[in-house]
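> Sequence and predicted structure are below.
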Amino acid sequence: MAELKEGNKAPDFTAVDQDGSKVKLSSFKGEKNVVLYFYPKDMTPGCTTQACDFRDQYKKFKNTVIIGVSIDSMERHKKFIEKYNLPFTLIADTDKKVVQKYGVWQEKKLYGKTFMGIVRTTFIIDKNGTIQKIFPKVKVKTHIEDVLAALKDV
């Protein structure tokens with residue numbers, strides 16, 4: 001698949017959330033902007049910080065839906081949401097269809113080992129279903145401010 005770029009139509013998907021409910025990206029079209037963020041793993045330091053930053057700034061996301069995506073199970077997402085009181089949806093992409101559609105399932109290196117995993121990436125998708133902003137290889141520390149600033153232009 002070709003690499004996604006700003007200005008491209010966001011690939012539609014239907015996937016299950018932490019409760020087993022189906023979430024279809026195109027269902028938000030015409031209604032809300034979407035912050036679609038991909039992260040490696042529930043309950044890990046960077047991913048917890050990122051999720052809690054979205055939680056803590058949640059009220060600032062006017063007319064915007066936040067959706068987190070990892071390949072963790074529904075059960076693990078449910079525990080993550082309960083433990084950290086997360087007010088948004090987490091997609092359980094256990095079959096890796098969404099991460100592959102968005103090109104974030106890539107070869108990674110850690111401690112000299114090479115493996116496949118999710119590269120932390122955020123997409124801002126407008127009400128028309130167009131990718132307005134892509135944050136590749138996200139640095140968690142300043143990410144929430146960057147996302148909120150980018151949403152002002154959407």
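Looks like it came in fine.
> contacts, neighbours, all on C-alpha from now
Noted.
> so how far is stretch 132-146 off the chain centroid?
From the chain centre to the centre of stretch 132-146 is a distance of 11 Å (C-alpha atoms, centre = their mean, to the nearest Å).
> ditto for stretch 34-44
Averaging C-alpha positions (C-alpha atoms, centre = their mean) puts stretch 34-44 5 Å from its chain's average.
> Helix or strand next in line after the helix or strand hosting residue 91, which one?
For residue 91, the element it lies in under DSSP states H and E is strand 89-92. Counting by DSSP H and E, the next helix or strand C-terminal to strand 89-92 is helix 97-101.
> Just want the most central residue of the chain.
Ranked by distance to the mean C-alpha position of the chain (C-alpha atoms, centre = their mean), the top residue is residue 37 at 1.7 Å.
> which residues does the closest residue to that residue other than its chain neighbours bridge with?
Computed as C-alpha to C-alpha, 6 or more residues apart in numbering, the closest residue to residue 37 that is not its neighbour in sequence is residue 122, at 4.2 Å. Assessed by DSSP bridges, residue 122 has beta-bridge partners residue 37, residue 135.
> Hmm, residue 135 and residue 122 touching each other?
Yes - here residue 122 lies in contact with residue 135, judged by C-alpha atoms under 8 Å, at a distance of 5.0 Å.
> Give me the more crowded residue out of the two.
Comparing residue 122 with residue 135 by other C-alpha atoms under 10 Å, the one with more neighbours is residue 122, at 23 against 15.
> ok so, going back, could you double-check that the residue nearest to the centre of the chain sits in contact with residue 68?
Yes - in this structure residue 37 lies within contact range of residue 68 using C-alpha under 8 Å: 4.9 Å.
> mean confidence score for the host helix or strand of residue 69?
For residue 69, the host element (DSSP H and E) is strand 64-70. Mean pLDDT, computed over strand 64-70, is 98.
> Show the pLDDT at the residue nearest to residue 37.
Listed pLDDT for residue 122 reads 98.
> And stretch 98-116, what's buried?
Neighbour counts using 16 or more other C-alpha atoms under 10 Å place 98-99, 101-105 of stretch 98-116 among the buried residues.
> between those residues, which is nearest residue 15?
residue 98 (7.8 Å; C-alpha to C-alpha).
> For the residue nearest to the closest one when sequence neighbours are not counted, list the residues it contacts.
Leaving aside its sequence neighbours, residue 98 sits nearest to residue 13 (C-alpha to C-alpha, 6+ apart; 6.7 Å). Applying C-alpha atoms under 8 Å, 6 or more residues apart in numbering to residue 13 gives the contacts 23-26, 98.
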